[in-house]
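> Compute the structure for the input listed below.
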Amino acid sequence: MTIVQILLLAVGVMITLVLGYSAMTGPSVTKESARRLQAVRFRHSQNDKDKVEAQYRKSVAARKPTAYKVAGSEGRIAALEVRLKRTGKTWTVSQYLYTSLGIGIVVTMLVFLKLGAPLLAMGAGLMVGAFVPHMWVGRTINSRLNKFIIRFPDALDLMVRGLRSGLPVTETLGIISTELPGPVGEEFKLVTERIRIGKTMEEALQDTANRMGIAEFNFFCITLAIQRETGGNLAETLANLGDVLRKRSQMKLKIKAMSSESKASAYIIGSLPFIVFALIYSINPTYMGKFFIDERLIGMGIGAFIWLALGGFIMAKMINFEI
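Numbering: from 1, shown residues only. Next up, the predicted model:
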């Protein structure tokens with residue numbers, strides 16, 4: 001078998017595994033049965049708490065009109081643009097593409113000059129040029145969203161104090177945009193600017209919620225929408241929401257602490273083959289250089305990499321908990 005055939009076989013095996021995983025992880029029958037039983041209980045229960053919760057669920061289901069579209073659903077370029085906006089930087093799509101292309105070309109030239117294998121050099125350049133900028137953007141987004149989630153309960157507390165002092169909701173949004181630094185102030189500043197140019201408060205908040213894509217801000221939007229439909233004490237509701245978000249953050253930190261040992265083991269096990277390969281290559285490059293020439297060793301290396309990636313994916317799913 002040639003190296004092209006081996007690569008095609010490896011890609012086919014990977015696609016088959018992904019499709020098999022997608023087919024096996026369908027909707028849970030147990031969760032669906034529990035959801036239906038809960039719906040029946042809410043429909044026929046005479047308890048006041050159940051009636052309130054049923055009204056809450058009905059309001060949540062009816063609050064989002066069909067005119068709203070998920071940010072970035074127009075195409076890949078639009079999704080990439082939304083992804084770059086989530087970083088909070090002034091990066092553009094053209095800058096991202098040029099950076100990826102430049103990294104890919106540099107890596108291709110370095111690998112080709114070092115090993116003299118054009119096909120391997122092109123594969124390495126394509127992989128590094130595609131994944132390194134993507135991973136960097138994802139890391140930047142996660143860092144910014146974590147900062148937002150940490151300071152968001154403080155924004156709710158500031159909003160509660162403003163409402164209790166008699167200020168309208170739009171004024172409290174403006175106070176948050178000026179008083180709180182970082183991602184929270186930046187996002188609320190965008191919300192107030194959209195309100196000033198003619199959008200309703202719900203539309204402005206929904207635009208930010210679609211772009212950020214985090215549950216905490218969606219809770220905030222749902223709370224405001226339900227309060228406008230059903231009435232009630234908004235300050236008390238937001239105070240309870242802030243308390244819930246703080247407890248949610250504490251639970252995430254507990255889960256992170258409990259799974260840190262498993263993550264460290266996964267990092268060590270996953271990086272150990274590459275470290276050993278690099279050490280042996282630095283000692284005896286002629287011996288390890290056969291992995292870049294011999295087709296049998298190339299096939300074995302690709303297969304080992306696929307199984308290593310599959311094991312890392314399974315371990316990541318095992319320690320990933322939804323809250």
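
> contacts, neighbours, all on C-alpha from now
Will do.

> Compute the distance between residue 164 and residue 217, please.
According to C-alpha to C-alpha, to the nearest Å, residue 164 and residue 217 sit 21 Å apart.

> same question but for residue 206, I mixed them up
The spacing between residue 206 and residue 217, counted by C-alpha to C-alpha, is 9 Å.

> Residue 164 and residue 217 - which one has more neighbours?
Comparing residue 164 with residue 217 by neighbour count (other C-alpha atoms under 10 Å), the higher total belongs to residue 217, at 19 against 13.

> Give me the nearest residue to residue 243, chain neighbours excluded.
Spatial nearest neighbour of residue 243, chain neighbours left out: residue 153 (7.6 Å); criterion: C-alpha to C-alpha, 6 or more residues apart in numbering.

> Identify the residues contacting that neighbour.
Counting by C-alpha atoms under 8 Å, 6 or more residues apart in numbering, residue 153 touches 242-243, 245-246.

> If any of those residues are buried, put those into a PyMOL selection.
In PyMOL, a selection of the buried entries from the contacts of residue 153 looks like this (16 or more other C-alpha atoms under 10 Å):
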select buried, resi 242+245+246
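
> Give me the distance between the strand or helix carrying residue 298 and the centre of its chain.
Residue 298 is part of helix 295-318 when elements are defined by DSSP states H and E. Taking C-alpha atoms, centre = their mean, to the nearest Å, one finds helix 295-318 lying 24 Å from the centre of the chain it belongs to.

> What residues of it count as buried?
Buried, per 16+ other C-alpha under 10 Å, within helix 295-318: 295-296, 298-299, 302-303, 306, 308, 312.

> With stretch 113-131 instead?
By 16+ other C-alpha under 10 Å, the buried positions in stretch 113-131 come out as 120-122, 124-126, 128-130.

> Which one of those is nearest to residue 229?
Lowest distance from residue 229 to these (C-alpha to C-alpha) belongs to residue 130, with 46.6 Å.

> what's the residue nearest to the closest one when sequence neighbours are not counted in contact with, if anything?
For residue 130, ignoring the flanking residues on the chain, the nearest one in space by C-alpha to C-alpha, 6+ apart is residue 100 at 6.1 Å. Residues in contact with residue 100 (C-alpha under 8 Å, 6+ apart) are 129-130, 132-133.

> at 10 Å instead, please
With contacts defined as C-alpha atoms under 10 Å, 6 or more residues apart in numbering, residue 100 is in contact with 94, 125-126, 128-134.

> where's the residue nearest to residue 243, which helix or strand?
In this structure, residue 153 is located in helix 118-164 according to DSSP H and E.

> Tell me the helix or strand right after that helix.
Per DSSP H and E, the helix or strand that comes after helix 118-164 is helix 169-179.

> got the contact list for residue 240?
156-157, 234, 246.

> before we move on, back to that, how about the CA coordinates for the helix holding residue 298, as PDB?
What follows is helix 295-318 as a C-alpha-only set of coordinates in PDB (Å, rounded to 0.1, in the frame of the first residue of the first chain):
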ATOM      1  CA  GLU A 295       5.500   2.800   4.500                       C
ATOM      2  CA  ARG A 296       4.800   0.100   7.000                       C
ATOM      3  CA  LEU A 297       6.000   2.200   9.900                       C
ATOM      4  CA  ILE A 298       4.100   5.200   8.500                       C
ATOM      5  CA  GLY A 299       0.900   3.100   8.600                       C
ATOM      6  CA  MET A 300       1.600   1.900  12.100                       C
ATOM      7  CA  GLY A 301       2.300   5.500  13.200                       C
ATOM      8  CA  ILE A 302      -1.000   6.800  11.700                       C
ATOM      9  CA  GLY A 303      -2.900   3.900  13.300                       C
ATOM     10  CA  ALA A 304      -1.300   4.600  16.700                       C
ATOM     11  CA  PHE A 305      -2.100   8.300  16.400                       C
ATOM     12  CA  ILE A 306      -5.800   7.500  15.600                       C
ATOM     13  CA  TRP A 307      -6.200   5.200  18.600                       C
ATOM     14  CA  LEU A 308      -4.400   7.800  20.800                       C
ATOM     15  CA  ALA A 309      -6.800  10.500  19.600                       C
ATOM     16  CA  LEU A 310      -9.800   8.200  20.200                       C
ATOM     17  CA  GLY A 311      -8.600   7.400  23.700                       C
ATOM     18  CA  GLY A 312      -8.100  11.100  24.500                       C
ATOM     19  CA  PHE A 313     -11.600  11.800  23.100                       C
ATOM     20  CA  ILE A 314     -13.200   9.100  25.300                       C
ATOM     21  CA  MET A 315     -11.300  10.300  28.400                       C
ATOM     22  CA  ALA A 316     -12.400  13.900  27.700                       C
ATOM     23  CA  LYS A 317     -16.000  12.800  27.500                       C
ATOM     24  CA  MET A 318     -15.700  10.900  30.800                       C
END
